[in-house]
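K.L.:
Here's my sequence, what's the structure:
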Amino acid sequence: MLLRNFTSSSSSSSCSSKHFQQTFLLNVKERAGRQVVFSEGKKKIKQQQRRRRRVSLSANVPRKTAFSSSDDPSGPSVSSSLSEKIGIIKSKSSMKSSRDETFPFQRRDLVMLRRANLLSTSTHGVVAPFPFSGCVLVSAKNAVVAETFQYASGTEPAELQAIDLAGEEKCKGATLYLNMEPGCSLGGDYLVNAIVASKVKRVVIGMKNPLPHLRDKAIQAMIEAGVQVDCLSAFLLDSVNCEEDEEVDTGVETIDDLRGDALRTLKGCFDANENILHHVAKNRPLSVLKYAMTFDGKTASVSGHSAWISGTQSRKLVYLQRCLCDCVVVGGETVRADNPNLTTRKTEGHVPTRVVISRNMNLPLDYNLWDTKVAPSLVITEEGKNRSVQAKLRKKGVEVVEFKDLSLSKVADHLYDRGYMRVLWECGGTLAAPAVQEGIINKVMAFVAPKIIGGSAAPSPVGELGLEKMTDALDVTDVTYEQVDKDVLAVGFLPSSKSIFHVAKEAYKKEKTNRSVISSTDSEEEDLVQIKFYKAWNEYGLLSNFSCIPLTIDGKEWRSVEHYYQAMKFSGVTSVEASYIMDDIASQQSAEEAARIGRRYQSLQPNLLRQDWGQVKIDVMRKALQVKFCVGSSAWHLLQSTCRAEDLPCQLIEYSPRDSFWGYGFDGKGENWLGYLLMEIRDTTNLRNENFEERGDP
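P.N.:
Just a heads-up that it's a prediction; the model follows:
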């Protein structure tokens, strides 16, 4: 016990000297308000300080130190069982001193990487998922001079922001810390050239870029330019044992001090970008099954009543999870039973699509999900089912997609084709069971409430899986637990993913596939190469309207083609409101937000849309594209590189399954007008003056 006040000096002096020394040590400046320090505690603190000064990775004396969450903002700790259970470090001899050139990372490097990783998540839930990147620039004098992050897909990279913010003088000899290898939508080596030109001495990277067309590209280019590059995943990932029958366990302790801290930092980088890792590794979005259940494992009462199982704080977390996803999936049974809204409860920011899977289209027409002014809705059904309901839903603005022989695998593939990275499944046990069984679900998020409802017929989170023995049960691995008010949140991976390390290794093995050769059935016709583009982070993402390349059109600056296109919907309208809408669109930081604002106003206030929009929209798009792809620009060089891919004629396809006018469309029968306009500009600005057969306007 700390004694801060004494009744008298005599009472203090009456204590025996021996007892005084064994119990506590009073500081001579106690009266000035300084804290009493125990002799034993002080001794331990000094020992820890001395050990931290010695940056040692000796494998003979591994330390097991519990790190608090405040030590690392990027994620949970890595357990010592990583070494003991599965041999996460292949051998003790691999744990070399941090002074060894084979492991060039110091404690400060890891702290800065975690800071960059935390910055990368700044817009989680604000914009649609994309490869999140953050940056910390530290000057040659070891001062942090810039902290930046990429706001959204296609916007200015974090590295460029940091270099501009710091200025030329502070960049000289500086160290650039990045949570992920640079990947720029501006084309070519634009970003690498900017880093090299800034005279940055060293670049420290958390993880390689998982996208096959970007992986290792920036790292090799910077090394060839004379920049020292150290990548954490390149040093550590190979040492992680991810055998098929083994589990990567993460707990609260760490293996060897610095090496364990480095492994924990790497895991934090992977966690922040688990969406893109799954997207690359599985060729499908990361699918998270979310449910709330009672202590006895029920998701509703026998009567089907389920509002509310979890508490208020848990429901707020669910709203946040919806913000983090591209779409929220439910089945027709959930729609009929609960009439859900499936919204984020926010008035601005990213709005996920609400997806309903219904095989027979037995859906009520007056339910909340069909209010598309609140959020977009998509219904996926089997071909030919209940045409009248389909027509009525389409009239309400709901998108309806039909599949022949509907299956959940086809649904997952379709969501991947739409560019979705993360999907939240909030369905009942009937739909969850086949989704788990077919390996669609990668991760489980279970809210357990301190309630018991009972009932042998009450539903459970997952329906019938056909498993009869407990030895056949599916293991949930890499589990974390969190107290949420009175509830407990448990999150873990299913066998389809196992752990973030398994997924990362799988992603880094993937090769790029961005072109397809179409063989002609007519012997007189030449084979054709198709190049597909859609998202700004794809290999040909610079062709997308969502890559934010500034344009100057008619004396006004626009952040992207999409900004200009959406604003022009309301141009020429003699209304103060129309002018306000145009300014609102122009002010949005990302093309994604500009499109969302433009489409929303078009839906809510169609009277403000210019009357000739249907006739002029192709010309509006062509005008913006001609400015973006002006001769000599980075965008133009990428466009010209598609002239004759692999010595064959090349067709450009805007691979958007949701847009049948500008894109390819769901069934491949879309008009692909964006692709045709780009081919027109490509061939008319080709320095070799190759002929192009123009397609007439519709």
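K.L.:
for the protein, where's the lowest mean pLDDT among helices and strands?
P.N.:
In the chain, the helix or strand scored least confidently by mean pLDDT, DSSP states H and E is helix 81-86, which has a mean of 37.
K.L.:
Could you look up the next helix or strand downstream of that one?
P.N.:
helix 107-120 (DSSP states H and E).
K.L.:
Show residues contacting the following helix or strand past that following helix.
P.N.:
Per DSSP H and E, the first helix or strand lying C-terminal to helix 107-120 is strand 134-138. Contacts with strand 134-138, where a contact means CB atoms under 8 Å, 6 or more residues apart in numbering, come from 112, 115-122, 144-150, 158-159, 161-163, 165-166, 170-171, 174-179, 200. Where C-beta positions appear, they are placed from N, C-alpha and C, glycine not excepted.
K.L.:
and the angle for strand 134-138 with helix 107-120?
P.N.:
Strand 134-138 runs at 140 degrees relative to helix 107-120, counting by axes from the mean of the first three to the mean of the last three CA atoms, to 10 degrees.
K.L.:
Need the mean per-residue confidence for strand 134-138.
P.N.:
The pLDDT scores in strand 134-138 average 97.
K.L.:
from the chain's centre, how far out does it sit?
P.N.:
Mean-position distance between strand 134-138 and its chain equals 19 Å (CA atoms, centre = their mean, to the nearest Å).
K.L.:
same thing with stretch 130-146?
P.N.:
For stretch 130-146, the distance to the chain centre is 20 Å (CA atoms, centre = their mean).
K.L.:
now what about stretch 453-469, what contacts it?
P.N.:
With CB under 8 Å, 6+ apart as the criterion, stretch 453-469 contacts 289, 291, 293-294, 296-302, 304, 428-430, 432-433, 436-437, 446, 473-474.
K.L.:
Show me which residues of that stretch are buried.
P.N.:
453, 458-462 (16 or more other CB atoms under 10 Å).
K.L.:
same question, stretch 405-425
P.N.:
In stretch 405-425, counting by 16+ other CB under 10 Å, buried: 406, 408, 411-412, 414-425.
K.L.:
Pull out the CA atoms of the strand or helix carrying residue 492 and give them to me as PDB.
P.N.:
Using DSSP H and E, residue 492 maps to strand 487-493. Written as PDB, here are the backbone C-alpha positions of strand 487-493 (Å, rounded to 0.1, in the frame of the first residue of the first chain):
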ATOM      1  CA  ASP A 487     -22.500  -9.500 -24.700                       C
ATOM      2  CA  VAL A 488     -19.400 -11.300 -25.900                       C
ATOM      3  CA  LEU A 489     -18.200 -11.000 -29.500                       C
ATOM      4  CA  ALA A 490     -16.200 -14.000 -30.900                       C
ATOM      5  CA  VAL A 491     -14.600 -13.800 -34.300                       C
ATOM      6  CA  GLY A 492     -12.700 -16.600 -36.100                       C
ATOM      7  CA  PHE A 493     -11.900 -18.100 -39.400                       C
END
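K.L.:
Give me the nearest residue to residue 171, chain neighbours excluded.
P.N.:
residue 198 (4.1 Å; CB to CB, 6 or more residues apart in numbering).
K.L.:
tell me, how many neighbours does the one you found end up with?
P.N.:
22 (other CB atoms under 10 Å).
K.L.:
Kindly report the same for residue 544.
P.N.:
Counted with other CB under 10 Å, residue 544 comes out at 23.
K.L.:
Enumerate every residue touching it.
P.N.:
154, 533-536, 538, 654.
K.L.:
I'd guessed residue 175 sits against residue 201; true?
P.N.:
Yes: counting by CB atoms under 8 Å, residue 175 sits close enough to residue 201 to count as a contact (6.6 Å).
K.L.:
which of the two has more neighbours?
P.N.:
Ranked by neighbour count (other CB under 10 Å), residue 175 and residue 201 place residue 175 first, with 20 against 14.
K.L.:
For the more buried one, give the beta-bridge partners.
P.N.:
residue 138, residue 202 (DSSP bridges).
K.L.:
Going forward, the N-terminal residue is numbered 22.
P.N.:
Yes, from this point I'll number from 22; that puts the last item at residue 196.
K.L.:
contacting residues for it?
P.N.:
133, 158-159, 221-225 are the contacts of residue 196 under CB under 8 Å, 6+ apart.
K.L.:
Against residue 126, how distant is it?
P.N.:
Residue 196 is 12 Å from residue 126, where distance means CB to CB, to the nearest Å.
K.L.:
ok, back up a step: save the contacts of residue 565 as CSV, and put in neighbour count and distance to residue 335 too.
P.N.:
Rendered in CSV, the data for the contacts of residue 565 read as follows (neighbours: other CB atoms under 10 Å; distance: CB to CB, whole Å):
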residue, neighbour count, distance to residue 335
175, 26, 34
554, 25, 40
555, 22, 35
556, 22, 32
557, 26, 34
559, 20, 36
675, 25, 41
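K.L.:
Filter these down to the ones in strands?
P.N.:
554, 675 (DSSP state E).
K.L.:
quick one: which of the contacts of residue 565 is nearest residue 403?
P.N.:
Using CB to CB, residue 555 comes nearest to residue 403 of the contacts of residue 565, at 26.1 Å.
K.L.:
For that closest one, which residues are in contact?
P.N.:
Taking CB under 8 Å, 6+ apart, one finds 440, 562, 565, 675-677, 684 in contact with residue 555.
K.L.:
and the two most separated of the residues you listed?
P.N.:
Farthest apart among the contacts of residue 555 - using CB to CB - are 562 and 684, which lie 14.3 Å from each other.
K.L.:
Run a quick neighbour tally on the nearest residue to residue 609 once chain neighbours are set aside.
P.N.:
Distance criterion CB to CB, 6+ apart; nearest residue to residue 609, sequence neighbours excluded, is residue 615 at 4.4 Å. Here the number of neighbours of residue 615 (other CB under 10 Å) works out to 28.
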